[in-house]
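Asker: Using only what follows, build the 3D model:
(chains A and B)
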Amino acid sequence: MKVRHFLARERLQSLLDRLVEAGYEVIGPRVRDHAILFEPLSAVEQLPVGIIDDQAPGRYRLERTDSGRVFDWATGPQAIKPLTFAPRETLWRSERQPDGRLVFREQPPEAQPTAVIGVRACDLAALAIHDRHFLHDAHPDPHYRERRQNLFLVAVNCMRSAATCFCTATGDGPRAQHGFDLALSELDDGFVVEAHTQEGQAILDTLETTLASHDQLEQVEAGVERATRQQTRGLPDTSLPEMLQAAVDHPHWQSLNDRCLTCGNCTAVCPTCFCQTHVDELSLDGQTASHGRQWGSCFDPDHSYIHGTVIRAERPQRYRQWLTHKFGTWVEQYGRSGCVGCGRCIAWCPVGIDVTEELEALSKAPDGEDTP
Amino acid sequence: MATATRRPRIAVHKFSSCDGCQLAFLNLGEPLLALAETVDILHFAEAGPVDEEAEVEIAFVEGSVATSQDAARLRGIRQRSRYLVTIGACATAGGIQALRNLHDADEWVSGVYAQPEHIDLLADSTPIAESVKVDLELWGCPVSGEQVLGATKSLLAGHLPRVDHSAVCMECKRQQAVCVMVAKGQPCMGPVTSTGCGAICPRWQRDCYACYGPAVQANVSALASHLADTGMPAGDIARRLLFINGHAEPFRSEGLDWQARVITRQGGEEEQG
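Answerer: Residues are numbered from 1 along each chain as shown, chains lettered A, B, ... in the order given. The predicted structure is shown next:
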């Protein structure tokens, strides 16, 4: 069993300071524009003290409480994804030479050592999926790899779930299981800290801590247990890949036509969605060009445009594509479902479409009976 | 067609509009100087050069067709231009002045002007594409410098520019703007509006009002129903739709549909049902 330490609340600043001294840019949760966003952080006073999130389908509100805790919110609209898979970046540039030849130059990302404080179990599970997607086999994505290798991750075990959370159903939380350097569990007077990597241990060794007491560890267990109990959403108790394959012609898909805006918000906030679209930009004289990529979405009409035809022209087809990939064919592709139960797609859908409800409806036979 | 010895020529024409889209060129800054060195700007009254009869590779057209002379002038421009590009909501969708299409324009003119017989006005304000063939439509109220410059670069290279067909929402997310609809309950039009603006309004914490026109296959009825479910009166929903791009479908049909749900009683608006 890992040795667990206790960092008094008044010493939290020293963690930020040690990370800065170790050469990291520190990114952490801050309140901006009525949401929790991961932004550069230098002082603990910038953390969301006493802030909790009230989430529901299509709704996200922050509330202030009397608590002195800084990690009692569950999720913001994004966490790690924009830091590793840039929303928009240039991949290469090309220049026409005087003799007419084209010369291509890579545009390496400007990655620097970055410590992210406050990532959740769901975020780490999503990152592991992205690692599998972007770093697989002989051709890893160099831009992703560069940023990924520069990450130092300070996880926070959830002591509170939002109403949209369902990580217990996907098996990814609320306790951070892997893929982090340090993990914090927040109590009223401080943090139980554990290191999971040498880099994490090196930082932990510089902090003034005590050994966590039995009582403190019990409080952590109780907190994680509370977060687990608070989750009310779940997934149908069936093999989702098989269920979705059987439901390909289910009449329920058609109901999405009247509800889904095909705006792509669900895919943009999903920490595992990785679709991208590529864009070239010419200079005015036509002698140089830059080739960039940006976040794309399977809800975008261009996404299925092949040989002059939009293959998934109808809204229900696009929603079906997203849902069957996320919960069905993803398993075949990556060995697990693409959903980590963070609930972002539920809260950040402008009209509040709830994946857990859609899956439930699709798992029933059209007449309301369970499918055999 | 441009040859090796002649620089490409462009013209910027104005019809019924506020001139704001022409400012997209003038506000380009340094790229404007580069543009002036790359092309010959033969007609651009707001900037100086005037030669409306000039033959050009690219004619940018601002404004809608609103008077009886407009259609004939437009046909001439079309004949003398290789590419005709509309810039902005007026030229592309009829503009704010197309609100009169939903009413009796003559009555409005009589109400506003002391001597309405001097006002030459077509009953409808219409997009350029309803009169002549348009090669490229740039939406926006106003268009951005990036759009007009991007279109110029592509057309000079011999191809139409790639137009992002996604909704404003995708651009909000790329720019890490927090959704004002979900986080603040604002009636944002972003989910049904075409991107291209750079998500300016949501980035400044206000709701999109659809100045870039409907997104491809926008589900306007679903958004409108959601706004109604969350307490927006039908009249307000109609006004959200019948606005800058109110002549463009599906905003027009949906807007009229919601307008029809409003009944006026003794000067006050009331919701039906």
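Asker: residues in the stretch 51-200 of chain B within reach of chain A, list them.
Answerer: B:149-150, B:152-154, B:156-157, B:162, B:165-167, B:169-170, B:173-179, B:181-185, B:188, B:190-192 (C-beta under 8 Å from any C-beta of the partner chain). No exception for glycine: its C-beta is placed from N, CA and C like everyone else's.
Asker: List only those of those residues flagged as buried.
Answerer: B:149-150, B:152-154, B:156, B:165-167, B:169-170, B:173-174, B:176-179, B:181-185, B:188, B:190-192 (16 or more other C-beta atoms under 10 Å in any protein chain shown).
Asker: Tell me which entries of those residues lie within helices.
Answerer: Counting by DSSP state H, these place B:149-150, B:152-154, B:156, B:169-170, B:173-174, B:181-184 in helices.
Asker: For residue 225, the count of nearby residues, please.
Answerer: I'll assume chain A. By other C-beta atoms under 10 Å in any protein chain shown, the residues close to A:Glu225 number 13.
Asker: try again with chain B
Answerer: Residues near B:Ser225, counting by other C-beta under 10 Å: 16.
Asker: can you tell me how far it sits from chain A?
Answerer: 8 Å (C-beta to the nearest C-beta, to the nearest Å).
Asker: For that residue, pull up the helix or strand it's in.
Answerer: Assigned by DSSP states H and E, B:Ser225 belongs to helix B:220-229.
Asker: for that helix, what is the average pLDDT?
Answerer: Helix B:220-229 carries an average pLDDT of 97.
Asker: so A:Val193, which of the three states?
Answerer: Secondary structure, DSSP: H, G, I helix; E, B strand; the rest coil: A:Val193 is strand.
Asker: ok, back up a step: buried set for the helix holding B:Ser225?
Answerer: In helix B:220-229, counting by 16+ other C-beta under 10 Å, buried: B:220-228.
Asker: between the ones in helices among the buried ones among the residues of the stretch 51-200 of chain B next to chain A, which is closest to A:Thr90?
Answerer: When those are compared for distance to A:Thr90 (C-beta to C-beta), B:Arg174 wins out at 13.9 Å.
Asker: check contacts around the closest one.
Answerer: B:Arg174 makes contact with A:87-88, A:268, A:294-295, according to C-beta atoms under 8 Å, 6 or more residues apart in numbering or on different chains.
Asker: Out of these, which two sit at the greatest distance?
Answerer: A:Arg88 and A:Ala268 (12.1 Å).
Asker: Give me the common contacts of those two.
Answerer: A:295, B:174.
Asker: For the two, indicate the residue with more neighbours.
Answerer: A:Ala268 (29 against 14).
Asker: That one contacts B:Ala167, doesn't it?
Answerer: No. Counting by C-beta atoms under 8 Å, B:Ala167 is not a contact partner of A:Ala268; they are 10.4 Å apart.
Asker: Not counting sequence-adjacent ones, nearest residue to the residue of the stretch 101-250 of chain B found nearest chain A?
Answerer: Here the residue of the stretch 101-250 of chain B nearest chain A is B:Lys173; by C-beta to the nearest C-beta that distance is 3.4 Å. Of all residues not flanking B:Lys173 in the chain, A:Ala268 sits nearest, at 3.4 Å (C-beta to C-beta, 6 or more residues apart in numbering or on different chains).
Asker: Strands along chain B, start to end?
Answerer: B:9-14, B:40-44, B:56-62, B:81-87, B:136-138, B:262-265, B:268-271 (DSSP state E).
Asker: For stretch A:245-262, what is the distance to the chain centroid?
Answerer: Here the centre of stretch A:245-262 is set off from its chain's centre by 25 Å, with C-alpha atoms, centre = their mean, to the nearest Å.
Asker: now it: mean pLDDT?
Answerer: 96.
Asker: could you check whether that stretch is close to chain B?
Answerer: Yes. Counting by C-beta under 8 Å from any C-beta, contacts between stretch A:245-262 and chain B involve A:258-262.
Asker: mind listing what's buried in that stretch?
Answerer: A:246-247, A:250, A:252-253, A:256-257, A:259-262.
Asker: Farthest-apart pair in those, please.
Answerer: A:Ala246 and A:Leu261, at 27.3 Å, using C-beta to C-beta across those.
Asker: part of a helix, is A:Glu225?
Answerer: Yes. The assignment for A:Glu225 (three-state DSSP) places it in a helix.
Asker: From A:Arg160, how far off is it?
Answerer: Per C-beta to C-beta, to the nearest Å, A:Glu225 is found 12 Å from A:Arg160.
Asker: Now render the strands of chain B as JSON lines, adding mean pLDDT.
Answerer: As requested, the strands of chain B are exported to JSON lines (pLDDT from 0 to 100):
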{"stretch": "strand B:9-14", "mean pLDDT": "97"}
{"stretch": "strand B:40-44", "mean pLDDT": "96"}
{"stretch": "strand B:56-62", "mean pLDDT": "97"}
{"stretch": "strand B:81-87", "mean pLDDT": "97"}
{"stretch": "strand B:136-138", "mean pLDDT": "97"}
{"stretch": "strand B:262-265", "mean pLDDT": "66"}
{"stretch": "strand B:268-271", "mean pLDDT": "52"}
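Asker: So for A:Cys165, which of the ones you listed sits nearest?
Answerer: Comparing those by C-beta to C-beta, strand B:268-271 comes nearest, at 37.0 Å.
Asker: what's downstream of the helix or strand A:Leu83 falls within, the next helix or strand?
Answerer: For A:Leu83, the host element (DSSP H and E) is helix A:81-84. For helix A:81-84, the following helix or strand on the C-terminal side (DSSP H and E) is strand A:88-96.
Asker: Which residue does the stretch 201-350 of chain A have closest to chain B?
Answerer: A:Ala268 (3.4 Å).
Asker: ok, residues contacting whichever strand or helix holds that residue?
Answerer: Secondary structure assignment for A:Ala268, by DSSP H and E: helix A:265-269. For helix A:265-269, the surrounding residues in contact (C-beta under 8 Å, 6+ apart) are A:77-78, A:273, A:275, A:295, A:297-299, A:322, A:344-345, A:348-350, A:353, A:355, B:169-170, B:173-174, B:179, B:191.
Asker: any idea of the mean pLDDT for that helix?
Answerer: Summarised as a single mean, pLDDT over helix A:265-269 is 98.
Asker: Same check on stretch A:189-205?
Answerer: Computed over stretch A:189-205, the average pLDDT equals 97.
Asker: In that stretch, which residues are buried?
Answerer: A:190-196, A:200, A:203-204.
Asker: Good, we can wrap up now.
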